[in-house]
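**Q** model this:
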Amino acid sequence: MASSTFRLTTAFRHGRTKIDDVYFEAPFKLMTPFANGRHSDFIVMLASPGFLKGDEAHIAIDFAPGTDSTIRTQSYEKVLDTADGAASRTIDLTARGDAKAVFLPFPVIPFRGSTFMNQTTARISAASTFVYGDVVTCGRVGMGERWAMRRFANRMRVFVDDRLAFADRLLLEPDAFDYTELGMWREFTHCGVAYAHLPETDPADSADHADSTAPTDPAAREADRVAARIAAEDALIERIRDHARAIGFTGELGVSRAVSGVCVRLLTTRGDDAFDFIRDVADMV
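**A** Residues are numbered from 1 along each chain as shown. The predicted model follows:
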């Protein structure tokens with residue numbers, strides 16, 4: 001792979017979300033989008049055995065106002081033995097205006113002897129609907145390989161209207177820590193994290209405030225806006241917890257509000273359980 005770039009810009013035209021501009025280098029490929037009304041699914045393919053020593057992947061996606069998109073990858077992403085080197089990936093996501101955007105790649109599998117660094121930065125509008133999720137495994141569990149990677153580092157930052165709203169870091173170094181201990185992963189083999197942002201609205205613009213009772217003072221309107229956002233986030237948190245109970249989710253699950261938005265973190269023993277639950281959260285949002 002060496003150094004490879006994938007760039008995609010979406011646009012809303014003729015009632016559908018379409019490709020406005022796309023550029024990619026081997027081994028990246030993009031399948032023809034699957035359109036369903038205004039929504040489109042984009043599947044990014046990586047025609048390679050996985051990340052090798054020295055590989056650098058760069059992904060940049062711009063979701064334009066009015067678009068409704070889901071970005072997925074083709075399959076589980078493998079990080080092969082990087083020996084004394086490392087592989088890396090950067091992901092830059094932008095959601096403008098009232099864009100609806102979901103970025104949900106398949107889980108990453110760090111092989112024995114691998115070193116991998118991923119850094120994701122999302123810059124979104126307060127009016128956007130946005131979901132990001134990722135899942136990492138402790139290794140090739142099906143082959144009995146657990147905690148054999150050298151190092152796995154994953155950093156994520158989300159800015160809402162240029163204000164830092166959420167930051168997360170996951171660092172796995174099996175030589176330094178025992179992840180089977182209490183307070184760590186214990187018997188679980190997959191860790192997932194998701195961030196969801198609901199579009200912020202001004203309650204004064206709603207029908208409920210279409211009379212003289214709507215506050216006119218800027219500070220009061222801002223307080224109403226923040227209260228409405230928090231109420232919407234709390235409602236989403238309850239929906240996520242109710243869904244976990246309804247499906248009999250097996251694993252550990254935590255849901256909480258960030259500075260702006262909702263964070264979900266979970267531990268499971270199957271990659272599909274983690275991925276499918278995050279996908280369900282995206283459907284709720």
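
**Q** show me where pLDDT drops low in the stretch 151-285 of the chain?
**A** Along the stretch 151-285 of the chain, the model assigns pLDDT under 70 to residues 203-216.

**Q** now the strands for it?
**A** Using DSSP state E, counting those that start in this stretch, the strands found in the stretch 151-285 of the chain span residues 151-160, 163-172, 190-197, 252-257, 262-268.

**Q** ok and the fourth one relative to strand 163-172, angle-wise?
**A** It stands for strand 252-257. Strand 252-257 runs at 160 degrees relative to strand 163-172, counting by axes from the mean of the first three to the mean of the last three C-alpha atoms, to 10 degrees.

**Q** Contacts for strand 252-257 next, please.
**A** 188, 230, 233-234, 237, 240-241, 244, 262-267, 277 (C-beta atoms under 8 Å, 6 or more residues apart in numbering). Quick note: C-beta positions are derived from backbone N, CA and C, even for glycine.

**Q** Kindly export stretch 183-196 (C-alpha atoms) in CSV.
**A** Coordinates of each C-alpha in stretch 183-196 appear next as CSV, following Å, rounded to 0.1, in the frame of the first residue of the first chain:
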residue,chain,number,x,y,z
GLY,A,183,-10.9,-3.0,35.1
MET,A,184,-9.5,-3.9,31.7
TRP,A,185,-11.1,-6.1,29.0
ARG,A,186,-11.2,-9.2,31.2
GLU,A,187,-12.7,-12.0,29.2
PHE,A,188,-13.9,-9.8,26.3
THR,A,189,-12.2,-9.7,23.0
HIS,A,190,-13.7,-6.8,21.1
CYS,A,191,-14.0,-3.1,22.1
GLY,A,192,-16.2,-0.7,20.3
VAL,A,193,-16.8,3.1,20.6
ALA,A,194,-19.4,5.3,18.9
TYR,A,195,-20.1,9.0,18.9
ALA,A,196,-23.5,10.3,17.9
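
**Q** Name the residues of that stretch that come out as buried.
**A** By neighbour count with 16 or more other C-beta atoms under 10 Å, stretch 183-196 contains the buried residues 185, 188-196.

**Q** Grab the two from the residues you listed that are most spread out in space.
**A** Of all pairs drawn from the buried residues of stretch 183-196, the widest gap by C-beta to C-beta lies between T189 and A196 and measures 24.2 Å.

**Q** Distance check, T82 against D175.
**A** 15 Å (C-beta to C-beta, to the nearest Å).

**Q** actually M143, sorry about that
**A** 20 Å.

**Q** which residues sit in contact with R186?
**A** 180, 267.

**Q** what about the stretch 1-150 of the chain, any weak spots by pLDDT?
**A** For the stretch 1-150 of the chain, the ranges with pLDDT under 70 are 1.

**Q** Now the terminal residues of stretch 135-153, how far apart.
**A** Stretch 135-153 has an end-to-end distance of 12 Å (C-alpha to C-alpha, to the nearest Å).

**Q** Kindly report the same for stretch 133-148.
**A** OK, stretch 133-148 end separation, C-alpha to C-alpha: 24 Å.

**Q** Ok, stretch 66-82 next?
**A** Start and end residues of stretch 66-82 are separated by 42 Å (C-alpha to C-alpha).

**Q** Now do the buried residues in it.
**A** 66-73, 77-82.

**Q** would you say L8 is within a helix?
**A** No: applying DSSP: H, G, I helix; E, B strand; the rest coil, one finds L8 to be strand, outside a helix.

**Q** Quick one: residues contacting it.
**A** Listed by C-beta under 8 Å, 6+ apart, the contact set of L8 reads 19, 21-22, 30, 42, 60-62, 71.
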